[in-house]
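**Q** one predicted model, sequence on top.
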Amino acid sequence: MYYSNKIRPQLESERLILNYFKPVDAVEAYASITPSLTRFMAWDVPESEQGFAAIWQNWLENMTDHKEYIYVIRHIETQEFIGLCGLHRLHDEIPEVGIWIRETAHGHHYGHEAVRCIVEYAFNTLDIKGLSYQVAEENWASRKIAERLHGKITSYLDKPKYRAVIYEILAENFISE
């Protein structure tokens, strides 16, 4: 799959603006990554800003190669950093959607709004027919995001830090709000 002619470096929802990740976003992103935030993630807090730089530089390469798109989530009015959302493994038959919201922004349903926005883009613009959404079994807030988007559990996976639930969100079941 090759998406370059359909790339949208900016997406918007009612309260959020999602822009492609840029090096200037790294400081805010790194400052928002905490051990309690990553307890339900496959990765841990990078040991340093330099360690995080290696990660985001890989994102930029993958974005150039259309392997994944990483978006910075900001509040549309204040431009406050809220988190990151991405489409990963874009060359796979079923790409993956992922998200994390900084802890001080939890409880405002930003995760659902951002994932809905990026899923809508994947289905309506990139012509993706289905997305995988992997979440820790005990991460009920994130599981609700998948379920509100009519995601269905397809499998479970034991990971080093937690047991993951794999949801599949299909374009044919997706209802745009």
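**A** Thanks, I have it. From a predicted model like this one, the values you see are computed outputs, not experimental measurements. Residues are numbered from 1 along each chain as shown.
**Q** now Arg39: closest residue in space, sequence neighbours ignored.
**A** Lys161 (7.0 Å; CB to CB, 6 or more residues apart in numbering). Any C-beta I mention is one placed from the backbone N, CA and C, and that applies to glycine too.
**Q** for Ile33, give its distance to His108.
**A** Taking CB to CB, to the nearest Å as the measure, Ile33 and His108 are separated by 19 Å.
**Q** these two: which is more packed in?
**A** Counted by other CB atoms under 10 Å, Ile33 and His108 do not tie: Ile33 has more neighbours, with 19 against 13.
**Q** what pLDDT does the more buried one get?
**A** Ile33 is assigned a predicted lDDT (pLDDT) of 87.
**Q** ok, it touching Val45?
**A** Yes: with contacts counted by CB atoms under 8 Å, Ile33 reaches Val45, the gap being 5.1 Å.
**Q** need the strands for the protein, in chain order.
**A** Per DSSP state E, the chain carries strands over the ranges 10-12, 16-20, 69-75, 81-88, 96-101, 130-136, 152-158, 163-170.
**Q** what residues sit buried inside stretch 40-54?
**A** Phe40, Met41, Pro46, Phe52 (16 or more other CB atoms under 10 Å).
**Q** so where's this structure uncertain?
**A** In the predicted model, the chain carries pLDDT under 70 at residues 1-6, 175-177.
**Q** coming back round to it: contact partners for the residue nearest to Arg39?
**A** Arg39, Phe40, Met41, Ala42, Ala136 (CB atoms under 8 Å, 6 or more residues apart in numbering).
**Q** can you check Tyr69 too?
**A** Tyr69 neighbours (CB under 8 Å, 6+ apart): Ile7, Tyr20, Met63, Gly86, Leu87, Leu90.
**Q** neighbour-wise, give me the winner out of those residues.
**A** Leu87 leads the contacts of Tyr69 on contacts (other CB under 10 Å) with 24 neighbours.
**Q** hang on, it packs against Pro95?
**A** Yes: taking contacts as CB under 8 Å, Leu87 lies within contact range of Pro95: 5.7 Å.
**Q** need the residues touching each of those two.
**A** The overlap between the contact sets of Leu87 and Pro95 (CB under 8 Å, 6+ apart) consists of Ala122, Ile128, Leu131.
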